[in-house]
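Visitor: fold the following.
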Amino acid sequence: MSEYLLSVGIDLGTTTTQLIFSRLEVENTASAASIPRIQIVDKEIIYRSDIYFTPLLSRAVIDVSAVRELVEKEYKKAGITPDDLSAGAVIITGETARKENSEAVLRTLSGLAGDFVVATAGSDLESIIAGRGAGTAAMSKKTFGRALVNLDIGGGTTNLAVFQEGDPADTSCLDIGGRQIIIDPQTMKLTYVAEKVSILAGRMNLKIKEGETASIGDVTKICERLALIMAQSLGLAPATEDLDLFITAHPLKHSWQFGGLTFSGGVADFIYNDYDSAKPFPYGDIGPLLGHCIRNCRPFDQVERLIPQETIRATVVGAGSNTMEISGSTIAISDASVLPIKNIPILKLTDDDEAGDYKYFSSRLAEKASWFKDEGEDTYQRIAVAFRGVDNPSFEKVQELARKVIEGMADYLRTNDLLVVAMDRDMAKSLGYALMNALPHKKIISLDTVKVENGDYIDIGTPLANGRVVPVVVKTLVFGK
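Guide: Next up, the predicted model:
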């Protein structure tokens with residue numbers, strides 16, 4: 001029997017802020033004799049807000065009151081109240097996540113959508129979220145193992161996400177976006193030039209400085225170079241020192257032969273659609289011109305350009321919550337006092353990560369755990385590690401797998417005292433006890449028969465039935481069609 005929920009998604013990006021409301025259909029897809037698996041089986045976007053410029057008091061401070069005012073206005077226009085909602089997500093992305101008072105925005109909006117699935121997204125998670133929202137992740141399930149890449153180009157950053165068979169495989173981020181140069185369309189004066197763009201202009205001997213009158217020729221040359229740097233980041237052109245300048249955290253960790261690419265974000269519309277050269281700066285920035293230059297950048301012609309499901313709205317999400325409780329058939333919990341816990345993001349390892357008798361398991365776990373590392377810090381978000389596991393494992397295999405989990409999570413465990421693991425196979429109790437013995441000073445939660453995917457979040461309740469089962473709520477990020 002189906003149940004219907006209302007969900008809200010709020011996206012505060014570098015350039016724009018927007019909302020969507022979704023109606024989600026959920027039902028138990030398991031057989032009567034099986035453990036319940038409540039899934040979202042259908043979704044309908046019932047309201048899309050206007051797209052606003054993100055309100056700022058200065059380049060470093062978000063206008064909290066103005067953000068709440070526009071959100072409340074859109075609620076009224078949609079005819080929806082906070083009490084109507086069952087789930088919600090707010091995503092603070094790009095340069096907005098770096099603003100001094102981004103946490104104050106979350107507190108101000110807290111009454112409008114209840115418990116948010118995602119509060120802020122660092123560049124790695126933002127890349128994955130945008131790639132899923134654009135539909136690139138889903139498309140990669142149909143490309144026979146060939147990797148697809150999505151470039152989400154916003155106002156301040158370009159987030160890259162590589163997907164294989166539906167799973168994120170690599171990420172990177174560039175300080176390239178449509179509002180790296182801001183131009184007064186009336187006077188053609190440059191009112192803002194990002195620091196890295198200014199350095200690049202100096203290397204190219206271009207007259208691009210704040211207060212100067214914009215030269216169409218010079219601005220076009222800088223946009224063409226930014227497009228080439230994007231191609232360099234994908235390995236489609238030889239890397240230069242310019243690429244080193246614009247990478248924010250790390251390049252793609254692997255060399256890829258891409259089967260296709262997609263573009264999302266506000267700039268993407270000017271890659272897929274025509275550009276009006278008679279009005280080069282209709283929004284007072286370089287977004288349209290940058291999109292035009294990317295469209296005509298020859299290195300990108302080496303890879304098939306695919307059409308995404310979403311462009312500017314790719315990162316707007318509704319958080320679909322599986323409100324029915326499900327439980328693993330066996331569990332191991334070292335300290336029940338840590339429960340309940342909410343909104344733990346899932347790090348799901350792929351079948352390939354577990355292949356070869358777990359030869360690469362530890363290294364790939366460590367690499368993917370770094371996606372959840374706080375930017376500029378040595379700390380990590382709390383995460384739940386999910387993987388398939390082994391049918392009927394021997395004692396030796398359980399001990400080996402425990403060692404590999406600990407090796408892969410070694411850096412994470414330096415700053416976190418809670419380790420959560422979730423498996424498809426029925427081996428949570430044995431693996432959990434192995435982890436407890438090896439990590440006596442850490443809190444361990446080990447669950448099984450819990451079906452989760454990358455991008456999901458879980459709530460874990462207090463144990464039931466004399467501690468034999470634990471309620472788990474799986475929350476899935478739901479992207480617009």
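Visitor: strands of the stretch 51-200 of the chain, start to end?
Guide: 52-53, 56-58, 61-62, 87-92, 147-153, 158-164, 167-174, 181-183, 190-193 (DSSP state E, counting those that start in this stretch).
Visitor: break down the stretch 251-400 of the chain into its strands, ranges please.
Guide: Listed in chain order, the strands of the stretch 251-400 of the chain (DSSP E, counting those that start in this stretch) span 258-264, 317-321, 331-333, 341-348, 384-387.
Visitor: okay, the strands of the stretch 51-200 of the chain in a markdown table with distance to Leu5, mean neighbour count and mean pLDDT next?
Guide: Bear in mind the C-beta positions are built from the backbone N, C-alpha and C, glycine included. Formatted as a markdown table, the strands of the stretch 51-200 of the chain follow (distance: least, Cβ to Cβ, whole Å; neighbours: other Cβ atoms under 10 Å; pLDDT from 0 to 100):
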| stretch | distance to Leu5 | mean neighbour count | mean pLDDT |
| --- | --- | --- | --- |
| strand 52-53 | 26 | 16 | 86 |
| strand 56-58 | 33 | 13 | 81 |
| strand 61-62 | 29 | 18 | 82 |
| strand 87-92 | 6 | 26 | 66 |
| strand 147-153 | 27 | 29 | 94 |
| strand 158-164 | 27 | 27 | 92 |
| strand 167-174 | 26 | 24 | 89 |
| strand 181-183 | 40 | 23 | 93 |
| strand 190-193 | 42 | 18 | 93 |
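Visitor: coming back round to it: and the strands of the stretch 251-400 of the chain, which one averages the lowest pLDDT?
Guide: Lowest mean pLDDT of the strands of the stretch 251-400 of the chain: strand 317-321, a mean of 32.
Visitor: count the residues that sit near Gly205.
Guide: No, residue 205 isn't Gly; it's Asn. Asn205: 8 surrounding residues under other Cβ atoms under 10 Å.
Visitor: before we move on, what about Thr449?
Guide: 22.
Visitor: and it, how far is that from Asp175?
Guide: Distance, Thr449 to Asp175, by Cβ to Cβ, to the nearest Å: 43 Å.
Visitor: next: Val450.
Guide: Counting by Cβ to Cβ, the gap from Val450 to Asp175 is 38 Å.
Visitor: more neighbours, these two?
Guide: Each of Val450 and Asp175 has its neighbours counted (other Cβ under 10 Å); Val450 has more, 26 against 21.
Visitor: which residues of the stretch 101-250 of the chain score low on pLDDT?
Guide: 101-102, 106-107, 110-123 (pLDDT under 70).
Visitor: can you show me the helices along it?
Guide: For the stretch 101-250 of the chain, applying DSSP state H, counting those that start in this stretch gives helices covering 102-113, 123-134, 136-139, 195-203, 216-233, 241-246.
Visitor: next one: the fourth one to chain centre, how far?
Guide: By that I understand helix 195-203. The chain centroid and the centroid of helix 195-203 are separated by 29 Å, computed with Cα atoms, centre = their mean, to the nearest Å.
Visitor: before we move on, the earlier item: any chance of the strands of the stretch 51-200 of the chain in TSV, with distance to Phe361 too?
Guide: Below are those laid out as TSV (distance: least, Cβ to Cβ, whole Å):
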stretch	distance to Phe361
strand 52-53	45
strand 56-58	44
strand 61-62	41
strand 87-92	30
strand 147-153	20
strand 158-164	17
strand 167-174	15
strand 181-183	45
strand 190-193	46
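Visitor: if we can go back for a sec, wait, which of the helices of the stretch 101-250 of the chain is closest to Lys359?
Guide: Closest approach to Lys359 among the helices of the stretch 101-250 of the chain is made by helix 123-134 (24.4 Å; Cβ to Cβ).
Visitor: just the CA atoms of the closest one, as CSV, please.
Guide: Only the C-alpha atoms of helix 123-134 are listed here, as CSV (Å, rounded to 0.1, in the frame of the first residue of the first chain):
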residue,chain,number,x,y,z
SER,A,123,33.2,20.4,-3.0
ASP,A,124,33.4,16.6,-3.3
LEU,A,125,29.9,16.0,-2.0
GLU,A,126,28.5,18.9,-4.0
SER,A,127,30.0,17.4,-7.1
ILE,A,128,28.3,14.0,-6.5
ILE,A,129,25.0,15.6,-5.6
ALA,A,130,25.0,17.7,-8.7
GLY,A,131,26.0,14.8,-10.9
ARG,A,132,23.1,12.7,-9.5
GLY,A,133,20.7,15.6,-10.0
ALA,A,134,21.8,16.1,-13.5
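Visitor: what angle do it and strand 147-153 make?
Guide: 100 degrees (axes from the mean of the first three to the mean of the last three Cα atoms, to 10 degrees).
Visitor: now for helix 123-134, which elements pack on it?
Guide: For helix 123-134, the elements it packs on are helix 136-139, strand 147-153, strand 158-164, strand 167-174, strand 258-264, strand 472-479, judged by 3 or more Cβ pairs under 8 Å, 6 or more residues apart in numbering; DSSP states H and E.
Visitor: neighbouring contacts of stretch 397-413?
Guide: For stretch 397-413, the external contacting residues (Cβ atoms under 8 Å, 6 or more residues apart in numbering) are 358, 361-366, 369-370, 372, 380, 383, 385, 389-390, 393, 419, 421, 427, 430-431, 434-435, 438-439, 442.
Visitor: now do 7 Å
Guide: For stretch 397-413, contacts defined as Cβ atoms under 7 Å, 6 or more residues apart in numbering pick out 358, 361-362, 365-366, 369, 380, 385, 390, 419, 421, 427, 430-431, 434-435, 438-439, 442.
Visitor: partners of the longest strand seen in the chain in the sheet?
Guide: Ordering each strand of the chain by length in residues (DSSP state E) puts strand 16-28 first. With DSSP bridges as the test, strand 16-28 is paired with strand 3-12 (antiparallel), strand 38-48 (antiparallel), strand 52-53 (antiparallel).
Visitor: can you show me the CA trace of that strand as CSV?
Guide: The C-alpha trace of strand 16-28 is given here as CSV (Å, rounded to 0.1, in the frame of the first residue of the first chain):
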residue,chain,number,x,y,z
THR,A,16,21.3,31.7,-7.0
THR,A,17,18.8,30.5,-4.4
GLN,A,18,15.8,28.3,-5.4
LEU,A,19,13.3,25.9,-4.0
ILE,A,20,11.3,22.9,-5.2
PHE,A,21,8.5,21.0,-3.6
SER,A,22,8.0,17.3,-4.5
ARG,A,23,5.2,14.7,-3.8
LEU,A,24,6.8,11.4,-3.1
GLU,A,25,5.2,8.0,-3.3
VAL,A,26,6.6,5.4,-1.0
GLU,A,27,5.8,1.7,-0.5
ASN,A,28,7.1,-1.5,0.9
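Visitor: average pLDDT across it?
Guide: For strand 16-28, the mean pLDDT works out to 76.
Visitor: buried ones in that strand?
Guide: The neighbour-count check on strand 16-28 (16 or more other Cβ atoms under 10 Å) flags 16-22, 24, 26, 28 as buried.
Visitor: which among the residues you listed gets closest to Glu310?
Guide: Ile20 (10.2 Å).
Visitor: who's that closest one bridged to?
Guide: Beta-bridge pairing for Ile20 (DSSP bridges): Gly9, Arg48.
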